[in-house]
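Enquirer: Fold the following for me, if possible:
(chains A and B)
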Amino acid sequence: MKKKDNLTPETATEVTTAAAGAQAPEQKKKKKKTYSIDEILAEGGAKFGEIDENGRQRKIKVKTKSKLKRREAAMGYLFTFPWIIGAAVLLIYPIVLSMLLSLHDSTSRGGLTLGRFTGIQKYVEILQLYQDFPTDLGTLIVKMILSVPVIVVFALLMAMLLNLPLKGKGIFRTIYFLPVIVVSGPVMAQLTGEASSITAVDTSSINMILNDVLPGFIASAVGTVFSTIITILWYSGVQILIFLAALQKIDNSLYEAAKMDGGSGWECFWKITLPTIKPMMLLNAIYTIVFLSQDTNSNVIITRIEDYRFNPRGMFSRTSALGWMYSVVILLLIGVAFLLLKPKKDVYLKQVRKQKKFEKKTRKALAKTEKRMFKNAEKFEKHVAKQEAQRAAGKKVKGGERIDD
Amino acid sequence: MTKEKKEKVKKVKYKAPGPRFTKDKFRKFMLGSKDSMGFIKVLLAYVVLISIGFVFIFPMLKMLSTSFMDLADLISSSVNWIPTRLATENYEYAMLALDYWTGLKDSIIVAGVPTLIQVAVSAYVGYGFARFNFRGKTIMMGLLILSFILPPQIINTPTYILYTQLNIDGTLLGFALPALLGQGLKAAIFILITMTFYKQVPNVLIEAASIDGAGYIKSFFKIALPSATGALIVVLLFSFVWYWNETTLTRLYVIQNSKDPYKPLILGLQTFDQSFGASAGSSAASGTGTADVNESYRMAGTILSILPLLLLYFVMQKYFVESIDRVGITGE
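Expert: This next block holds a predicted model:
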């Protein structure tokens, strides 16, 4: 039985498409019983030949999707249903609720009751309570703008080095992925804490030069990047991983072909490696932004959001409002990153699409002309016939023979 | 051919072609040719790799060396890296302060249970996304990515309220339930990883199996799952590490409102200073005369709290690095 099932769909699809094509215009007029392919096949296609009481061929509707496809779709739902339930209950519902919370008073006793509708009052309240919010946000954004490129470029360089055919690269890889384990959580807080200056770098001389050259706001941000360079490097473990995986996927024959044509290593990097790896750069940039935006150790705003939840007790509205303001900014940043690094559309595909559009347009115009010509011919015939009739009746025909365009 | 002739041919063959050391050869050795890297390049690569690798490993080394110093070594300016004696009592006191064995057990439970569920679920759900086409898949992928980029702080509050209504806050269910529904800690990344791995399983294999009579479930267990072991190891390692190091959510979902709360190591580390004063401080005072928390104790505590992770990493790193080599964990 199973074997048969697996073999039939291939043949069945052809029949279906043909049948569907033939029946398509008729389907629109009336809704009739839908037949599956199996039913039609079982009757040897007799359904198509049936003639109804008006002497016309009976119109039948055929399911256009093959059984295999429908079954696969069902399996798709079966495999993803835990996630679907989870997304509904633990993703969409919380998002909507949090949006509502930010717009209402919340009384937290015994779970959740939405209070009075307050509009944007909570947002205003946040801006009054947490006056440093714009400054903190600005610092964070500048920090991201500075450190995201540093992390991405550094990760790419390291990934390329780790990808070289060197001896002992396994050991190096082990070392370079080590921060992934240490970097999250309070371990990092211990390392960067005031008491232990393990990750601090003495950058006073750099800072002095920076202060001379750059305006204060930017200088302090650049200075921060320099002084936290070790932490920044530590954050690039996952990114190195992603780049390394992507580098290994590049077909080696591309490089060989380029070398045959006399391309140097430098050219190979710009013309082969970089274009191939560009989507991963986008992925890494987004990953870095997300990671930095959710990093509980160094991010003041996140700490604030956490604070508002229980301090004062049950300020769920405030937490949500601040959270949403923050998220919008982060989403905007990710959007900017996406726009900067988004993959360019393929030139060839673009042209093909243009050509197709043009063809469609021409065909439409042609059809229109044809229709008009046909109409005119009909009109002309009618006219001639009328004239003939008039002549036959012995009347004098007025004017010449007028032909419509 | 006679024997003599043969020997002659051999001799000609093995004659050294010209002088052994030429300028060209040297150049080739140093700068490399089209198919081999030059000595200079290799040397440079090693220098860069080692020096930056040192930056990566430096804090770990520093932590290790500091954790073995006693107070005299800490203060003394002549001791920089190598302590005068191995002060193992630092570890004893840190263990006392962290309540180590209970903490370890609790940490393993709190991080391990959701991790195992997460591995299973992302292996299952990822296959659904990778292999089948169905209506609404695009929207679902969009939601999946959204759940990755949206700061979790937005979702946490309502989720917490939901849990209190369901009466599952303060139990391990607070972690296990979302993991079971594919919404665990950073679950989106894991689903994307398994998805990419499954996509690289050739479809022909699965079709061949289905012709031989394997159903969808069977081909999932017999073909897709074994070939995605690398992904599962990545998911297992990352998930465990992230759950282990998570403090805020652990406190919010699992610890808070709990009658008999778990005491994961990482939370103990956060309050290390206080608990040190309370428990280990007194015994330390009687032993060596240092009652205050110092850096050595803190570092010892830090090392102790991530020691299991390091062990796990070193056990798994072989498969881990290999799996990157073979397939890659890129999301496309």
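
Enquirer: packing partners for the strand or helix carrying B:N156?
Expert: Using DSSP states H and E, B:N156 sits in helix B:152-166. Counting contacts by 3 or more Cβ pairs under 8 Å, 6 or more residues apart in numbering or on different chains; DSSP states H and E, helix B:152-166 packs against helix A:93-103, helix A:300-310, helix A:316-341. In this view, the C-beta of every residue, glycine as well, is placed from N, C-alpha and C.

Enquirer: Same list (those) but as JSON lines, adding mean neighbour count and distance to A:A367.
Expert: Output for the helices and strands packed on helix B:152-166, formatted as JSON lines (neighbours: other Cβ atoms under 10 Å in any protein chain shown; distance: least, Cβ to Cβ, whole Å):
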{"stretch": "helix A:93-103", "mean neighbour count": "20", "distance to A:A367": "48"}
{"stretch": "helix A:300-310", "mean neighbour count": "19", "distance to A:A367": "60"}
{"stretch": "helix A:316-341", "mean neighbour count": "20", "distance to A:A367": "40"}
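
Enquirer: Can I get those in JSON lines including distance to chain B?
Expert: Compiled in JSON lines, the helices and strands packed on helix B:152-166 are given as follows (distance: least, Cβ to the nearest Cβ, whole Å):
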{"stretch": "helix A:93-103", "distance to chain B": "4"}
{"stretch": "helix A:300-310", "distance to chain B": "5"}
{"stretch": "helix A:316-341", "distance to chain B": "4"}
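
Enquirer: Could you list the buried residues of the helix or strand B:A208 falls within?
Expert: Per DSSP H and E, B:A208 falls inside helix B:203-211. Neighbour counts over helix B:203-211 (16 or more other Cβ atoms under 10 Å in any protein chain shown) mark B:I206, B:A209, B:S210 as buried.

Enquirer: With adjacent residues omitted, what lies nearest to A:I206?
Expert: Spatial nearest neighbour of A:I206, chain neighbours left out: A:F226 (5.3 Å); criterion: Cβ to Cβ, 6 or more residues apart in numbering or on different chains.

Enquirer: Contacts for the helix or strand where that neighbour lies, please.
Expert: Per DSSP H and E, A:F226 falls inside helix A:216-227. Under the contact criterion Cβ atoms under 8 Å, 6 or more residues apart in numbering or on different chains, helix A:216-227 has outside partners A:139, A:142-143, A:146-147, A:150, A:200-201, A:203, A:206-207, A:210-211, A:213-214, A:232.

Enquirer: Repeat the analysis, applying 7 Å as the threshold.
Expert: Helix A:216-227 is contacted from outside by A:139, A:142-143, A:146-147, A:150, A:200-201, A:203, A:206-207, A:210-211, A:214, A:232, using Cβ atoms under 7 Å, 6 or more residues apart in numbering or on different chains.

Enquirer: what ranges do the strands span in the stretch 101-250 of chain B?
Expert: Read by DSSP state E, counting those that start in this stretch, the stretch 101-250 of chain B holds no strands at all.

Enquirer: in chain B, which segments are predicted with low confidence?
Expert: For chain B, residues meeting the criterion pLDDT under 70 lie at B:1-20, B:33-36, B:278-292, B:321-332.

Enquirer: repeat that with 80
Expert: Chain B contains residues with pLDDT under 80 at B:1-38, B:58-59, B:71-81, B:87, B:169, B:256-260, B:270-295, B:317-332.

Enquirer: how about the helix holding B:A208, does it reach chain A?
Expert: Yes: Helix B:203-211 reaches chain A (Cβ under 7 Å from any Cβ of the partner chain) through B:S210, B:I211.

Enquirer: which secondary structure elements does that helix contact?
Expert: Under the contact definition 3 or more Cβ pairs under 7 Å, 6 or more residues apart in numbering or on different chains; DSSP states H and E, helix B:203-211 sits against helix B:216-219.

Enquirer: Could you look up the SS state of B:V79?
Expert: Recorded secondary structure, B:V79: coil (DSSP: H, G, I helix; E, B strand; the rest coil).

Enquirer: what's around it, how many residues?
Expert: Residues within reach of B:V79, counting by other Cβ atoms under 10 Å in any protein chain shown, total 15.

Enquirer: What separation is there between it and chain A?
Expert: Distance from B:V79 to chain A, counting by Cβ to the nearest Cβ, to the nearest Å: 16 Å.

Enquirer: hmm, back to that, let's have the helices and strands packed on helix B:152-166 in TSV, adding mean pLDDT.
Expert: Output for the helices and strands packed on helix B:152-166, formatted as TSV (pLDDT from 0 to 100):
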stretch	mean pLDDT
helix A:93-103	87
helix A:300-310	80
helix A:316-341	88
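
Enquirer: average pLDDT for the helix holding A:F226?
Expert: Averaged over helix A:216-227, pLDDT sits at 71.

Enquirer: Check which element follows it along the chain.
Expert: Using DSSP H and E, the helix or strand that follows helix A:216-227 in sequence is helix A:229-234.

Enquirer: related to what we said a few turns ago, how about the helix holding B:N156: buried residues?
Expert: Applying 16+ other Cβ under 10 Å to helix B:152-166 flags B:152-164 as buried.

Enquirer: do stretch A:163-170 as well
Expert: For stretch A:163-170, by 16+ other Cβ under 10 Å, it's A:N163, A:K169.

Enquirer: And stretch A:142-153, by the same measure?
Expert: A:V142, A:K143, A:M144, A:L146, A:S147, A:V148, A:V150, A:I151, A:V152.

Enquirer: tell me which strands and helices whichever strand or helix holds the last one is in contact with?
Expert: Meaning A:V152. Using DSSP H and E, A:V152 falls within helix A:133-162. Judged by 3+ Cβ pairs under 7 Å, 6+ apart, the packing partners of helix A:133-162 are helix A:169-182, helix A:216-227, helix A:229-234, helix A:237-249, helix A:274-294, helix A:300-310, helix A:316-341, helix B:39-67.

Enquirer: got the contact list for the first one?
Expert: Outside helix A:169-182, the residues within contact range by Cβ under 7 Å, 6+ apart are A:158, A:162, A:234, A:237-238, A:240-241, B:49, B:53, B:56-57, B:60, B:241, B:306, B:309-310, B:313, B:317, B:321.

Enquirer: Can I have the buried ones of those as a PyMOL selection?
Expert: This is how PyMOL selects the buried members of the contacts of helix A:169-182, with burial counted by 16+ other Cβ under 10 Å:
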select buried, (chain A and resi 158+162+234+237+238+240+241) or (chain B and resi 49+53+56+60+241+306+309+313+317+321)
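
Enquirer: about what we covered before: mind putting the helices and strands packed on helix B:152-166 in TSV, distance to A:L349 included?
Expert: Below are the helices and strands packed on helix B:152-166 laid out as TSV (distance: least, Cβ to Cβ, whole Å):
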stretch	distance to A:L349
helix A:93-103	35
helix A:300-310	42
helix A:316-341	19
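
Enquirer: Just tell me which of these ends up closest to B:L177.
Expert: Shortest distance between B:L177 and the helices and strands packed on helix B:152-166, using Cβ to Cβ, is found for helix A:93-103: 13.4 Å.
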